[in-house]
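Colleague: Okay, sequence plus prediction incoming.
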Amino acid sequence: MSINSNIELQGPIQKSSIADEIWGPSPDTDGGQARLETLSSFFVYYQKEKGFERAEDGDLIAAFRILKEYPEKRKSDLRIDSDGASAKSSDVLERQVLDLAVRCMYLTACSSPSSMTLGGGSIFRPKWRESESLERYFARVFPISRAPQQDLALFRIGKLSASYLRAFANVQIRWTDNLSDHLIVLRGEGWKSLYVFRHPGFLKVSLDVLSTDDEDMTHTPTEALKLGCLPPNLLKETLMTLDIVFPVIGDSASRAILEKEVQRERLDNYFLDRFYLDPRDHERPADALDPSDVRTLYDKYPYWADRLYELWREADDPTPTTRIERWTEARRNPRFAYWCTVISILIAISIGIIATGLAAVQVWISWCAWLDDPSVAQCAYKRGHGQA
């Protein structure tokens with residue numbers, strides 16, 4: 001796929017050129033080599049996604065520049081051109097390249113108009129509308145959750161660790177290239193899966209770019225997008241959720257699961273670094289504490305609170321998936337409990353009646369034995385016994 005971009009490339013595009021186009025030149029003295037190593041997993045995804053669309057690097061670079069320069073413009077107003085001017089080409093191909101650029105640049109699902117596209121998100125498949133700017137698209141895809149007004153239910157964050165989920169809720173970890181699929185729980189016949197974002201190095205590089213631009217990282221969404229990054233709070237919060245599922249400290253079982261997954265799934269090696277501690281800057285004493293109820297969960301994780309809460313509910317009361325679990329669950333409904341109660345009462349009444357009858361017979365036999373007089377009509381059985 002090509003829209004005849006005017007960008008001239010001398011030989012194959014180098015990874016450093018792609019990184020520089022997205023995040024700007026690296027400030028490191030090693031010429032950006034450390035950044036490229038951190039982004040090794042990102043570039044595997046980049047090549048795969050680009051291959052789905054058979055896109056040219058030049059087209060993507062042109063799209064990257066347009067997205068960074070005009071994040072506040074509606075999609076319908078964007079035109080890809082190497083010089084930044086308005087140049088028309090096939091509208092379908094142009095839109096397809098823009099959608100692909102969103103997926104590659106921000107690792108966020110963005111469905112393309114082509115029905116043949118294999119990319120666009122594995123679970124959540126949002127479409128960037130023509131009437132939306134890039135900023136508004138991301139606000140819709142990554143909404144800030146509102147805390148429930150009255151819900152102060154106790155919340156134990158330890159139930160969200162990979163080891164607890166696997167042992168007590170039968171939830172298996174799956175990996176996703178799309179940040180928009182992060183922390184989604186899927187359930188099926190005999191299985192449950194939690195999808196976790198697999199590119200922490202991408203998050204770290206984005207945060208480094210924002211931190212270099214403004215040490216306090218007070219960027220607005222538009223300012224962050226102009227730097228080729230998602231909003232800083234979203235990036236930091238995502239790293240913190242990775243620490244929830246795979247705690248760096250105090251949960252060796254979850255860390256062991258992560259180490260095996262890194263080897264088996266060829267994940268980003270940055271997972272094994274203690275990077276989770278970096279974004280934990282605290283403004284208040286309460287920021288250093290884990291959420292203790294649902295409301296504080298929403299206060300601390302506004303971007304991911306809905307999915308964290310859904311995951312906690314699954315851990316706290318697991319959805320049955322096996323036949324035995326479903327059979328047991330089916331018998332927990334109120335109708336089944338009602339009829340069990342009725343039958344139990346009837347059985348109890350029947351047993352009570354039988355017990356009462358047996359007690360009466362026992363009293364009668366004891367009374368006759370005490371009288372020891374066969375002439376009494378009620379004790380006629382003794383008369384027959386005496387004659388014998």
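Modeller: All right, it came through fine.

Colleague: Pretty sure Tyr195 sits in a strand.
Modeller: Yes - checked against DSSP: H, G, I helix; E, B strand; the rest coil, Tyr195 lies within a strand.

Colleague: residue contacts, it?
Modeller: Tyr195 makes contacts with Ser122, Ile123, Arg174, Trp175, Thr176, Asp181, His182, Leu183, Ile184, Val185, Leu186, as judged by CB atoms under 8 Å, 6 or more residues apart in numbering. In short, each C-beta sits where N, CA and C put it, glycine included.

Colleague: measure it to Arg136 for me?
Modeller: 25 Å (CB to CB, to the nearest Å).

Colleague: Could you do Gly58 as well?
Modeller: 28 Å.

Colleague: now, which of the contacts of Tyr195 sits nearest Ile345?
Modeller: Among the contacts of Tyr195, Val185 lies closest to Ile345 (CB to CB), at 40.3 Å.

Colleague: Give me the longest helix you can find in this protein.
Modeller: The residue-count maximum for a helix in the chain (DSSP state H) belongs to helix 334-371.

Colleague: the bottom helix or strand of the chain by mean pLDDT?
Modeller: helix 380-387 (a mean of 51; mean pLDDT, DSSP states H and E).

Colleague: What is the burial count for Glu259?
Modeller: By other CB atoms under 10 Å, 14 other residues sit near Glu259.

Colleague: I'd like the secondary structure assignment at it, please.
Modeller: helix.

Colleague: which stretches of the stretch 1-150 of the chain have low pLDDT?
Modeller: Within the stretch 1-150 of the chain, the ranges that satisfy pLDDT under 70 run 1-13, 81-92, 113-121, 150.

Colleague: 80 instead, please
Modeller: Residues of the stretch 1-150 of the chain meeting the criterion pLDDT under 80: 1-13, 28-31, 53-55, 80-93, 112-122, 147-150.

Colleague: which residues of it fall in strands?
Modeller: Taking DSSP state E, counting those that start in this stretch, the stretch 1-150 of the chain contains no strands at all.

Colleague: picking that back up, buried among the contacts of Tyr195? Need that as a selection in PyMOL.
Modeller: Buried members of the contacts of Tyr195, defined by 16 or more other CB atoms under 10 Å, are picked up in PyMOL with:
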select buried, resi 174+175+176+181+182+183+184+185
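
Colleague: any idea how far Phe124 is from Leu358?
Modeller: 68 Å.

Colleague: Could you do Gln14 as well?
Modeller: 94 Å.

Colleague: Go ahead and report the secondary structure state at the spatially most central residue of the chain.
Modeller: Residue closest to the mean C-alpha point of the chain, counted by CA atoms, centre = their mean, is Leu183 at 0.7 Å. Three-state call for Leu183 (three-state DSSP): coil.

Colleague: My guess is it contacts Val196. True?
Modeller: Yes - the criterion here is CB atoms under 8 Å, and Leu183 meets it with Val196 at 7.1 Å.

Colleague: So Arg166 is in contact with Ala256, correct?
Modeller: No - at 11.0 Å, Arg166 does not count as touching Ala256 under the criterion of CB under 8 Å.

Colleague: Could you check which of those two is surrounded by more residues?
Modeller: More crowded of Arg166 and Ala256, by other CB under 10 Å: Arg166, with 16 against 13.

Colleague: which SSE is that one in?
Modeller: helix 162-168 (DSSP states H and E).

Colleague: what's the next helix or strand after that helix in contact with?
Modeller: For helix 162-168, the succeeding helix or strand toward the C-terminus, using DSSP H and E, is strand 172-176. For strand 172-176, the surrounding residues in contact (CB under 8 Å, 6+ apart) are 122-123, 162, 165-166, 182, 184, 191-198, 245, 257, 261, 265, 267.

Colleague: Partner strands of strand 172-176 and their direction?
Modeller: strand 191-197 (parallel) (DSSP bridges).

Colleague: So which elements touch the helix or strand following the partner strand?
Modeller: Going down the chain from strand 191-197, the next helix or strand is helix 200-213, by DSSP H and E. If you count contacts as 3 or more CB pairs under 8 Å, 6 or more residues apart in numbering; DSSP states H and E, helix 200-213 packs onto helix 15-23, helix 33-38, helix 40-53, helix 232-245.

Colleague: I appreciate the help and will end here.
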